[in-house]
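J.: just a sequence and a predicted model for now, questions to come.
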Amino acid sequence: MDVASLRYFRQIARVGSMSGAARDLGLTQPSLSTSMRRLEEDLGATLFVRHRGGVTLTESGAALMRHTDEVFIALERASLAVHGLERELIGALVIGCSDAHGHFLPRLYPDLLQGAPQLEVSLRNEPSEVIQAEVLERRIHFGVVVNPTPHPDLVMVPIFRDATELFVAAGAEPSELAQAQQQLRERPLILVDRSPQRSMLGALAEQGVEPSRVIGCDDFELVAKLTLAGVGVGVLPRRTGLDPRSGLASLHTELPRFVDDVVLVHRADLPGSRAATFVKESVIRCGRELPMT
């Protein structure tokens, strides 16, 4: 049983005539009769009583007609819903943002609320590698990640640049490089315990600097809080450390820093609905409007 057979069946029931239905459907009467015989065989039921005046539904035919109407109502609703998703700013999308750049989301969300009030946008804040993996697995539609790994199934659009560098509580930054290096030797280095941040240790070693100890954390917010409390020197994204509300300052401009590319990623086969296009353009615009640091 397929949709075409149900459509033929419904038209025969409506006009009460095999020949009239064939004419309306643009089919030959023999081919329509053959299609109905197959439908009756598939269902194991007689659907029509044939007589001189045409055809009449049997009890089984009347039952199928009720269900057929429900099927076509559901199909119409599905068609309208899909049409709306393609043409209107409606639906539900998920944006993931690296935990290093959560400050980006408050800039983005007003755009979404004002520009697409009927669009449901959920937010995820996770490490970049988690966000990229979930985009690949179709759990997240758009990801804002740092230094993503190229993948053939992903589209990657650079949106802004940041850097990873060393910070202390404002007022504790020395003017001389030697003093800054001495701080690193005497105080703990606080970082998110992942390989990109740990690469700072190798860069410092090249300058002959070995921190007294390393404190690993789960997230950048905790690194910032410990750094602000004077516990040690924090390894943080530059945009986080230089936020006027952070209370932090760069330890010294001549110490190592790493440039980070912040990139919008999505699957190459992501449907190009109006809502998806709107969200993508909003993310890119908000990212590229960020002030330089």
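T.: In hand now; what should we look at?
J.: note down every partner strand of the helix or strand containing F160 and its orientation.
T.: If you go by DSSP states H and E, F160 is part of strand 154-169. Looking at strand 154-169 with DSSP bridges, its partner strands are strand 233-237 (antiparallel), strand 248-250 (antiparallel), strand 258-267 (antiparallel).
J.: between these, which one is closest to E120.
T.: Between E120 and the strands paired with strand 154-169, the shortest gap by Cβ to Cβ is with strand 258-267, which sits at 17.3 Å. (C-beta placed from N, C-alpha, C; glycine too.)
J.: which residues sit against the closest one?
T.: 98, 100-101, 104, 131-132, 135-136, 138, 141-148, 153-165, 196, 199-200, 203, 237, 280, 283-284, 287 (Cβ atoms under 8 Å, 6 or more residues apart in numbering).
J.: what subset of those residues is buried?
T.: 98, 100-101, 104, 131-132, 135, 141-148, 154, 156, 159-160, 162-165, 196, 200, 237, 280, 283-284, 287 (16 or more other Cβ atoms under 10 Å).
J.: just the ones of those residues in helices?
T.: 131-132, 135, 196, 200, 280, 283-284, 287 (DSSP state H).
J.: which residues touch stretch 173-184?
T.: Residues outside stretch 173-184 that contact it (Cβ under 8 Å, 6+ apart) are 166, 168, 172, 204, 207-209, 211, 233, 249-252, 254-255.
J.: export it as CSV, just CAs?
T.: Extracted C-alpha coordinates of stretch 173-184, given in CSV (Å, rounded to 0.1, in the frame of the first residue of the first chain):
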residue,chain,number,x,y,z
GLU,A,173,51.9,43.1,36.5
PRO,A,174,55.6,44.2,36.5
SER,A,175,57.1,46.6,34.0
GLU,A,176,60.3,44.5,33.4
LEU,A,177,60.4,41.2,31.6
ALA,A,178,62.9,39.7,34.1
GLN,A,179,60.5,40.5,37.0
ALA,A,180,57.6,38.9,35.1
GLN,A,181,59.7,35.8,34.6
GLN,A,182,60.6,35.7,38.2
GLN,A,183,56.9,35.8,39.2
LEU,A,184,56.4,32.7,37.0
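J.: centre of the chain to it, how far?
T.: 43 Å (Cα atoms, centre = their mean, to the nearest Å).
J.: now stretch 37-57
T.: 50 Å.
J.: try stretch 204-221
T.: Worked out by Cα atoms, centre = their mean, stretch 204-221 lies 33 Å from the chain centre.
J.: mind checking the end-to-end distance for it?
T.: 23 Å (Cα to Cα, to the nearest Å).
J.: can you list contacts of that stretch?
T.: Here stretch 204-221 has contacts from 99-100, 181, 184-193, 201, 223, 226, 231-233, 236-237, 240, 255-256, using Cβ under 8 Å, 6+ apart.
J.: and the helices in the chain, which stretches?
T.: Going by DSSP H, the chain shows helices at 3-15, 18-25, 29-43, 59-87, 105-115, 128-136, 177-186, 195-206, 220-228, 238-241, 274-288.
J.: before we move on, the earlier item: what subset of the contacts of stretch 173-184 is buried?
T.: Buried by 16+ other Cβ under 10 Å: 166, 168, 204, 209, 211, 233, 249-252, 255, out of those.
J.: would you turn those into CSV with distance to L123?
T.: Formatted as CSV, the buried ones among the contacts of stretch 173-184 follow (distance: Cβ to Cβ, whole Å):
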residue, distance to L123
L166, 29
V168, 31
L204, 35
V209, 38
P211, 34
V233, 31
A249, 30
S250, 29
L251, 32
H252, 35
L255, 33
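J.: excluding its backbone neighbours, what's nearest V145?
T.: S128 (4.0 Å; Cβ to Cβ, 6 or more residues apart in numbering).
J.: pick the most buried one from the strands paired with strand 154-169.
T.: strand 233-237 (a mean of 29; mean count of other Cβ atoms under 10 Å).
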